[in-house]
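Asks: Predicted structure and sequence below. I'll ask about it afterward.
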Amino acid sequence: GSEDGRYRIFDAFGAILLESSPQMSAITSVSWSPKGDKFMVGLMGSLLLCNEYGQVQSKFSSNEGNYQLQWTADASRVLGLHGDGGIIQANVVGSEKEWNGFKIRQIGCCL
């Protein structure tokens, strides 16, 4: 996490490769996808999906707070657990799966 509202990407030697602009609140969690090509940032009341370069690809806002984040093994979904016991599930649009000679890509989501 980060109290100054910025998330950072470091190299193996501890040098900063990227520092985000300040967000609306403190960073409470960061979780890389299993493939390492994207990561989620948890803030008080928001989740950010970022690409490997730290650019925000999507933002989810809610009235909930502090998130603990966990990716599925195939990086198609992220679960967010927040302080009052609530759970959210985010589907990553653009996720691809291959099965039995078929390639499937999630292009959107509906309720």
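Replies: All right, it came through fine.
Asks: Got the phi and psi for the residue nearest the centre of the chain?
Replies: By Cα atoms, centre = their mean, the chain has its centre lying nearest to Met40, at 1.5 Å. Here is the backbone geometry of Met40 (degrees, to the nearest 10): phi -110, psi 140.
Asks: do you know how far the closest residue to Ile87 other than its chain neighbours is from Val56?
Replies: Spatially, and ignoring its direct neighbours in sequence, Ile87 is nearest to Leu81 (5.6 Å; Cβ to Cβ, 6 or more residues apart in numbering). (Glycine included, C-beta is placed from N, CA and C.) Using Cβ to Cβ, to the nearest Å, one gets 22 Å for the distance from Leu81 to Val56.
Asks: Compare these two (neighbour count), which wins?
Replies: Between Leu81 and Val56, counted using other Cβ atoms under 10 Å, Leu81 has the larger neighbour count: 17 against 13.
Asks: Tell me the helix or strand right after the helix or strand the more buried one falls within.
Replies: Using DSSP states H and E, Leu81 sits in strand 77-82. Moving toward the C-terminus from strand 77-82, the next helix or strand (DSSP H and E) is strand 87-91.
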